[in-house]
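# Got a predicted model here, sequence first, then my questions.
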Amino acid sequence: MIKTKNQGLLIVVSGPSGSGKSTLNQLLIKKRKNIVMSISDTTRKIRGEEVDGVDYNFISKEQFLENIDNNKYLEYANVYADTYYGTPEDFVNKQLSNGNDVILEIDIEGARKVNEKRKDAIFIFIMPPSMQILKNRLVARKTETKEQVIERFETAYKEINEVSKYNYVVVNDDLDEALAKMDAIITCEKCRVDRIEEFDVGNKEEIMHEILMDFDKK
Ligand code: ADP
Ligand code: 5GP
């Protein structure tokens, strides 16, 4: 009776480094169907267990600048100390038109650029339960040097001030609860009336005729 748009949802997820974005997004992808992560290009060095082409496409600054000139990016930003990150637009568009939801795990500047270009996107901010807990998680992750943790923490204070520009905030205290909230947000967004493409109630006279016949049979 109701046909909804086949187009997937564009979901932007931001939050301070260490707030749990990648943990939550990976769980979300396991939990839901038809949802993919966009893989960003970055000029930063590969770290820890990361895999090229899975976590990021690790490319040179020259290649990144060439890609900017060729309009390859839906958005890009210089997030940390001369390190570029960008979302390849082709992949996102193909996935959305195939009906897959796409998650962009990007910083606040990138989110602002997506907001200007794509009015259909939804914006979720992952908030740590406290700055103390954020610090503990970031230090315990052991993927950054002391200088990098300090830089990320400086940025975290700026990022948290931008929360009111997002549609939703999820406090990542209990992981299962935070995951359930993200799942619910996406489910709700898919029920929005502006996703209705066609509304067909059939032929009223036929149904009325059937009602009369049903009662006549009794
Ligand atoms: P981000 O992607 O935002 O930088 P991560 O997903 O890497 O953050 O999470 C940072 C660290 O905190 C990781 O070591 C992760 O295992 C841990 N973590 C994430 N969510 C929780 C949570 N709800 N409770 C405890 N630890 C968490
Ligand atoms: P990290 O180096 O810890 O993986 O990521 C650092 C920051 O860059 C995070 O806030 C992350 O969300 C952001 N980021 C990752 N990919 C992109 C991207 O394609 N565009 C933008 N604008 N930010 C990104």
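It's in. Ligands and ions are numbered 1, 2, ... in the order given.
# Give me the distance from stretch 198-213 to the chain's centre.
With C-alpha atoms, centre = their mean, to the nearest Å as the basis, stretch 198-213 stands 42 Å off its chain's centre.
# whoops, I mixed them up, stretch 47-61
19 Å.
# Is there proximity between that stretch and ligand 2?
No. Residues of stretch 47-61 are not located near ligand 2 by C-beta under 6 Å from any ligand atom, the shortest gap being 7.0 Å. The C-beta positions use only the backbone N, C-alpha and C, and glycine is treated the same way.
# can you count the residues close to whichever residue of the chain sits closest to ligand 2?
In the chain, the residue that lies nearest ligand 2 is residue 110 (2.3 Å; C-beta to the nearest ligand atom). Using other C-beta atoms under 10 Å, residue 110 has 23 neighbouring residues.
# That one: what secondary structure?
helix (DSSP: H, G, I helix; E, B strand; the rest coil).
# pLDDT score for it?
pLDDT recorded at residue 110 is 97.
# can you check the one 3 residues further on too?
Reading off the per-residue confidence, residue 113 sits at a pLDDT of 97.
# For my notes, confirm it occurs in a strand.
No. Counting by three-state DSSP, residue 113 is not found in a strand; it is helix.
# helix/strand/coil for residue 57?
Taking three-state DSSP, the label given to residue 57 is strand.
# sorry, back to before: dump the residue contacts of the residue of the chain closest to ligand 2.
Applying C-beta atoms under 8 Å, 6 or more residues apart in numbering to residue 110 gives the contacts 12, 14, 75, 76, 77, 79, 85, 87, 104.
# Now do the helix or strand in which the last one is found: which elements does it pack against?
Which is residue 104. In this structure, residue 104 sits in strand 101-105 according to DSSP states H and E. Here strand 101-105 touches strand 10-14, helix 21-31, strand 35-37, helix 89-97, helix 108-117, going by 3 or more C-beta pairs under 8 Å, 6 or more residues apart in numbering; DSSP states H and E.
# tell me the most buried of those?
Mean neighbours per residue, mean count of other C-beta atoms under 10 Å, is largest over these for strand 10-14, with a mean of 24.
# Is residue 202 part of a helix or strand, or is it coil?
coil.
# Can you tell me the closest non-neighbouring residue to it?
residue 1 (7.6 Å; C-beta to C-beta, 6 or more residues apart in numbering).
# Can you give me the distance of that neighbour to residue 207?
12 Å (C-beta to C-beta, to the nearest Å).
# More neighbours: which of the two?
residue 207 (10 against 7).
# Quick check: that one is in a strand.
No. According to three-state DSSP, residue 207 belongs to no strand; its state is helix.
# ok, and for the longest strand along the chain, which residues are buried?
Ranked by residue count under DSSP state E, the longest strand found in the chain is strand 73-80. In terms of neighbour count (16 or more other C-beta atoms under 10 Å), strand 73-80 has its buried residues at 73, 74, 75, 76, 77, 79, 80.
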